[in-house]
Structure formats: C-alpha cells, structure tokens
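1. next comes the sequence, and after it the predicted model I'd like to discuss.
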Amino acid sequence: MSAYKIEAGTAQHIGNRPQQNDRVALFTSAQAPGYVLAVLADGNTGPIGADQVLLTSKHLFDEFRTGDASSLPRLQELLRAIALEAHQVIKMNPIAATAEPQSAIALLVLTPQGQAVWAHVGDARVYRFAGETCAMRSNDEAYVQHLVGEDKLPLDAARKHRSSRLLSNVLGNSFKAPFVSIGWHEGLQGGDAFMLCSDGLWMLFKDAELAAAVARNTPRQAAERLIGKAAERANGKGDNCSMAIIKLVAPPKEVPNYTVQKMRRAV
C-alpha cells in the first residue's frame, strides 16, 4: 500500500470570456476502491463537448473493475476508451451538424499501488511535479510524430496542425479521429504532485512557477494564487482557467505517547 495520503481539489475561473466552457472533476468508483480519476475538458466551441467528456468519464470509470491487482495496460485502455467514446458521442449530437462542438481533454488515474496513468488530446495539459521540480509535461510531440509517420506529412506541416481545421487534434473533429497520447509513472511517493489544466492557465506560467505553487501550498491555496496571478497577467484578456491539483503527502511520523518505566521485580 502507498505510504502517502492524497490531497486534491479543482478550481475554475471564467476569465474575461462570456461563459465557462471548461469542465473539471475528480471521481472515485465503488468497483475500483482506492483509485482516483481526474478529468479536465476544455470546450473549444462551447460547453457541449466538455460536458460529454465528464459524462463518459464517470460512466466508464464506474464500470471499470480492477481485479486483484492493477494493470497499466488496462488503465491505458480505459483512458483511451473514454476519449474515443466521448468523441463519437459528441459527433452524434444533433448540434454537431451546425455548431461542431469540440473539446480538448486531460485524464489521470492514480492507483493504490503508487502508479499514475495519464492521457491527453489537444492543448489541455498534464503535469507531474517532484517537489518543486516539473518532472513531466504533456505536449504535442507524439501527435506530430504520428502525423509524420502515419499521415506522411512534412515535419513543418505537422507542427502547424493547430492552424489547420483538418489536422486539429480535438474530440468532436468531424474531419479526423483524435490521437490520444498516453503516459505513465510508477513508484509514486510523498512530495509528488499532478496538475491537469486548460490553456487559460498554462500559457501564462513557466513550468517551474506551477511546480513551486503546488509544492508550497495546499491544492486550494495553490489554485487561488494561480488564478489570481493568471488574471493579473492576462491583462483583461483572460481565457477560461481551470485546473485539478492532486498532491501526495507523506503522513506525519507518529510520536510515541507513552513513557518507559523500569520493570519491578515480580513477587
């Protein structure tokens, strides 16, 4: 069993946009005791796609059965299934014919065995921190290599995928199925932390700033400070800002509450 406790929280701010299109949640499941699923969805063209991501995530996580031991391949498939099923349901929405709702996503599962598996599609990010150091940050490199290797695109064209409606890697894209990037880490310990966030947050901060804010504060305090600083730096042009923060905290050492006395001779 892992020698840490979990402190977690979610936070959102509308920024300077007319509505909040992001969605974020933390889920547990009766079929997977000790497991935690964090979900962040960034609705690009309204909240419809992001709402569907949360519904699909909860449904598939509730159905997931862990068995006697965790399996990294099964967890990877779970996250991939969440992304692909949400994508299909979004495309079937009647509104999709005209509005084409879309969403970027970030997903993270933590297991009682000290494992983490994450996935992302689009510009929603997953960070792993070790103390005040950013140990991992999701990016588009795997998708770029996919476009070059599978679609035979020139490297320069693949790197400009965000400016192409055809190549945009999001759920709900009617032109192209989403490419799901998967990562994992084993041997989690106290002092490690994770953050899922939308581009309304990460585009305003360096990796080291995010790591320090999470390491030095509780999840709620870190979220409040980051949202406040994001609003300041956005200078009246802030995007929707959302995050989920999960910290692994080593339990305090137990202090003996007894006194040692000399043994008396038995009569």
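-> That came through, no problem.

2. contacts and neighbour counts: CA atoms only from here.
-> Noted.

3. quick check: phi and psi on Glu7?
-> phi -110, psi 130 (degrees, to the nearest 10).

4. check what contacts the lowest-mean-pLDDT helix or strand in the chain and list those residues.
-> Lowest on mean pLDDT, DSSP states H and E among the helices and strands of the chain sits helix 155-159, with a mean of 81. Under the criterion CA atoms under 8 Å, 6 or more residues apart in numbering, residues 144-145, 147-148 lie in contact with helix 155-159.

5. hmm, try it at 10 Å
-> 140-141, 143-149, 151-153, 163-164, 167 (CA atoms under 10 Å, 6 or more residues apart in numbering).

6. so how far is it off the chain centroid?
-> 26 Å (CA atoms, centre = their mean, to the nearest Å).

7. packing partners for the following helix or strand past it?
-> Toward the C-terminus, helix 155-159 is succeeded by strand 181-186 as the next helix or strand (DSSP states H and E). Applying 3 or more CA pairs under 10 Å, 6 or more residues apart in numbering; DSSP states H and E, we find strand 181-186 packed against helix 72-92, strand 103-110, strand 115-121, helix 141-149.

8. the longest one: which residues count as buried?
-> I take that to be helix 72-92. Using 16 or more other CA atoms under 10 Å as the test for burial, helix 72-92 gives 72, 75-76, 78-87, 89-91.

9. cool, and the second one?
-> Of the residues in strand 103-110, those buried by neighbour count under the rule 16+ other CA under 10 Å are 103-110.

10. any chance of these in CSV, with distance to Glu7 and pLDDT too?
-> Shown next, in CSV, are the buried residues of strand 103-110 (distance: CA to CA, whole Å; pLDDT from 0 to 100):
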residue, distance to Glu7, pLDDT
Ser103, 27, 95
Ala104, 25, 96
Ile105, 22, 97
Ala106, 19, 98
Leu107, 17, 98
Leu108, 15, 98
Val109, 14, 98
Leu110, 12, 97
